[in-house]
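*Asks:* after the sequence you'll find the predicted model.
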Amino acid sequence: MKKSAPNNDVVKLDVLIVGAGFSGLYQLLSLRDKLGLSVKVVEAGDGVGGTWYWNRYPGARCDSESYAYSFYFDKELLGEWQWSERYPGQAEVVRYLNYVADKFDLKRDIKFNSRVLSAHYNQSRNKWVVTTEPGQQFECTYLVTAVGCLSSTNVPKFPGQDRFKGDWFHTGRWPNEGVDFTGKRVGQIGTGSTGIQTIPIIAETASHLTVFQRSANYSVPASNRPLSADFQKYLRGNYEDIKKMIQSNTNGHPFVFSDRKVFDVSDEEREEIFEEAWTRGGLSFRGCFQDVAFDKKANDLAADFIKRKIRSIVKNRETAKKLTNIDHAFGSKRPPIDTNYFETFNRNNVTLVDVKSSPIKSITPKGVKTKDGEYEVDILVFATGFDAMTRALLNIDIQGRDGLKLRDVWEDGPKTFLGLQVAGFPNLFTITGPGSPSVLCNMPVPIEQHVEWIQDCISYMKKNKISFIEATEGSMEKWVEHIDEVVNETLFIHAKNSWYYGANIPGKPRGFMPYAGGMARYRAICNDVANQNYVGFKLGDTDRGKTYTPPKISVDILVEDVMANRQGI
Ligand code: NAP
């Protein structure tokens, strides 16, 4: 295999991986070092990190507990790396991923500054031909996309935007050198998980910060703090137990949902439990009762508790009213956690503008114009989120068998089997693709599971002399139905305007994109599928250079049974 090739040479590989974040790095290690395949990664950025490489906005911090937001596949790595805080900041996560890349000597197989433009499956040769922006071509048997769920930014198109005389930035493409807000009038659009992190930091130096809020949001204090020496010691002695916990529960976070229900306790007791969970902080707030995530009436009480907290923090009654005018159930949109978010609205240099009642009409050369007036700003920050889960894949011209375009298959919304494969696209694996639990979990947990599942699958293919694997139409349709079934059992259906449904992007087909059945159930289904010789997939051998021969093993069995067996998890 060639180490480096001039742009006009085709690099021939067993596997090409797209993206050098958590998924791409571990998939490289797993297929190169454990299976001995020839593997390269192509990455658009000039460093590792994926989502964390691009999201360098002020206040960017992980919402998962650091010690769980880690790879668990290597004991030595677990013993060596020490997180400094309960929630790692962006720079620390990037340091961690660089540490991993260096420890396992991964960078020699990563081509940075390479954006994939197209990936076409050559049927007669059973190869993927991939072209990148500098004009490099790769030919590979397996193509693995590790492009992240939240990587394609959403910059809304307001009339007049290009006439704005100041500087504007999207949080997901933040300049490497940072942005100096000192003495500037700043406008920020967006109060999701990202906006809630940037606002307190920007307010510290800006002369004035105007926050344009379309939807009010719940948030629970992060209660971030340095990890004490005692806790670090505890971690080193208990990694196996933590691993068991995060790999066997529904969301990959290091907490279990309580058994008690909201209405099983007295009002006083309930208040104490909420109070204690609020003080502890973090995403585990929603786990302090078993039914907050499922029963709307139980959820209403949690929502009411948070709204009372907001009112107790925010001094201006009008501002508090806008901040508590929340249109969705707690947790039905991704619940943010914060450091001083609501407190920031007590500062004299911060104004909250409700752009639901008074929508943004245009961006003017001087600032933002709403129905009620114009707000002059020097810098505009778009914390407006992402065209999540699908856009990063759809931006690539992906063509499978018979020139089938992914853009056409997903025209009415994404369809996959297990979030890992799409019918018509042999040997293409999509890590944390739509239909996987991904964004509903502590991300490294589903990522490790996907990577290892793909590794086992390719290993099985090699052993059995199988040259292609492809989800069947039937299994893909069943999986899409199953995604709908399980989400209907949850409170996510109370926020059909969320990005989980694609509702933040005008014209995007609506449908719940991640798998809401829980990581444990998902893992069990994936294991069952593999243990039954990849039921739900079509596997076979190709007569190289000639025709597409019928599969040696054809398992076009519906996967209903497999899924039904796992309903209880
Ligand atoms: P987001 O949740 O989609 O929030 C975008 C914000 O921009 C919302 O307040 C949205 O209002 C607003 N917005 C969008 N278009 C608008 C328009 N045309 N006019 C006015 N307002 C508009 O995006 P995000 O905050 O970047 O978070 C995305 C996801 O990234 C999170 O849910 C989370 O999964 C992940 N994330 C994780 C972390 C972490 O772990 N630390 C941090 C940040 C983000 P509406 O709500 O009305 O649409």
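*Replies:* Ah, there it is. Numbers count the residues shown, from 1 in each chain.
*Asks:* list the contacts of the residue lying closest to residue 19 once chain neighbours are set aside.
*Replies:* Once its chain neighbours are removed from consideration, residue 19 has its nearest residue in residue 146; the separation is 3.8 Å (CB to CB, 6 or more residues apart in numbering). Every C-beta, even on glycine, is put in place using the N, C-alpha and C of the backbone. When contacts are counted by CB atoms under 8 Å, 6 or more residues apart in numbering, residue 146 is found next to 17, 18, 19, 20, 21, 23, 24, 27, 41, 50, 431.
*Asks:* mind checking pLDDT for residue 547?
*Replies:* On the pLDDT scale, residue 547 is placed at 40.
*Asks:* what of residue 200?
*Replies:* According to the model's per-residue confidence, residue 200 sits at a pLDDT of 98.
*Asks:* residue 312 too?
*Replies:* The predicted structure lists residue 312 with a pLDDT of 98.
*Asks:* which is the next helix or strand following the helix or strand containing it?
*Replies:* Element membership for residue 312, per DSSP states H and E: helix 296-313. Proceeding N to C from helix 296-313, the next assigned helix or strand is helix 317-324, under DSSP H and E.
*Asks:* where's that following helix relative to the chain centroid, distance-wise?
*Replies:* Taking the mean of its C-alpha atoms, helix 317-324 sits 30 Å from the chain's own mean (CA atoms, centre = their mean, to the nearest Å).
*Asks:* ok, and what's touching that helix?
*Replies:* Residues beyond helix 317-324 that count as contacts (CB under 8 Å, 6+ apart) turn out to be 213, 216, 307, 310, 311, 314, 342, 345, 352, 354.
*Asks:* among these, which one lies nearest to residue 534?
*Replies:* The shortest gap between residue 534 and any of the contacts of helix 317-324 belongs to residue 216, at 46.0 Å (CB to CB).
*Asks:* quick one: contacts of stretch 88-103?
*Replies:* Surrounding stretch 88-103, the residues in contact under the criterion CB under 8 Å, 6+ apart are 20-22, 25, 47-50, 52-53, 55-57, 60-62, 66, 69-71, 77, 80-81, 83-85, 106-107, 110.
*Asks:* now for the residue of the stretch 451-569 of the chain found nearest the ligand, how many residues are close by?
*Replies:* Across the stretch 451-569 of the chain, no residue is closer to the ligand than residue 499, which sits at 4.5 Å (CB to the nearest ligand atom). The local packing of residue 499 (other CB atoms under 10 Å) involves 23 other residues.
*Asks:* and the one 3 residues further on, by the same measure?
*Replies:* Residue 502: 23 surrounding residues under other CB under 10 Å.
*Asks:* tell me which element residue 535 falls in.
*Replies:* Per DSSP H and E, residue 535 falls between elements, in no helix or strand.
*Asks:* what residues are up against residue 512?
*Replies:* 483, 484, 487, 492, 500, 501.
*Asks:* on the three-state scheme, the closest residue to the second one other than its chain neighbours is what?
*Replies:* By that I understand residue 484. The shortest distance from residue 484 to any residue that is not its chain neighbour, by CB to CB, 6+ apart, is 6.9 Å, and that residue is residue 512. Secondary structure of residue 512, reduced to three states by DSSP: H, G, I helix; E, B strand; the rest coil: coil.
*Asks:* do the same with residue 17
*Replies:* Taking three-state DSSP as the rule, one finds residue 17 in the strand state.
*Asks:* hmm, it is touching residue 28, no?
*Replies:* Yes. Residue 17 is within contact range of residue 28, at 5.8 Å (criterion: CB atoms under 8 Å).
*Asks:* before we move on, back to that, just the buried residues from the contacts of stretch 88-103, in ChimeraX please.
*Replies:* A single ChimeraX command selects the buried members of these (16 or more other CB atoms under 10 Å):
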select :20,21,22,25,47,48,49,50,52,53,55,56,57,60,61,62,66,69,70,71,77,81,83,85,106,107,110
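*Asks:* just the ones of the contacts of stretch 88-103 in strands?
*Replies:* Secondary structure of the contacts of stretch 88-103 is defined by DSSP state E; positions in strands are residue 110.
*Asks:* next step: the contacts of stretch 88-103 restricted to helices.
*Replies:* Counting by DSSP state H, the members of these that fall within helices are 22, 25, 52, 53, 77, 80.
*Asks:* how far away is the second one from residue 513?
*Replies:* It stands for residue 25. For residue 25, the distance to residue 513 under the criterion CB to CB, to the nearest Å works out to 24 Å.
*Asks:* now do the strands in the stretch 101-250 of the chain.
*Replies:* For the stretch 101-250 of the chain, the strands identified by DSSP state E, counting those that start in this stretch occupy 110-111, 116-122, 127-132, 137-145, 167-170, 185-189, 208-213, 220-221, in order along the chain.
*Asks:* what's next to the fifth one, contact-wise?
*Replies:* Put plainly, it is strand 167-170. Here strand 167-170 makes contact (CB under 8 Å, 6+ apart) with 57, 153, 155, 175, 179, 378, 379, 380, 381, 382, 383, 384.
*Asks:* run the last query once more with 6 Å
*Replies:* When contacts are defined by CB atoms under 6 Å, 6 or more residues apart in numbering, strand 167-170 is touched by residues 153, 155, 379, 380, 381, 382.
*Asks:* can you check the fourth one too?
*Replies:* Surrounding strand 137-145, the residues in contact under the criterion CB under 6 Å, 6+ apart are 10-18, 27, 119, 127-131, 427-430.
*Asks:* residue of the stretch 351-500 of the chain nearest the ligand, please.
*Replies:* The minimum distance from the stretch 351-500 of the chain to the ligand, using CB to the nearest ligand atom, falls at residue 385 (2.5 Å).
*Asks:* residue contacts, the closest residue to that residue other than its chain neighbours?
*Replies:* Counting by CB to CB, 6+ apart, residue 154 is the residue found nearest to residue 385 once chain neighbours are left out, at 5.0 Å. Shown in contact with residue 154 (CB under 6 Å, 6+ apart): 384, 385, 386, 387.
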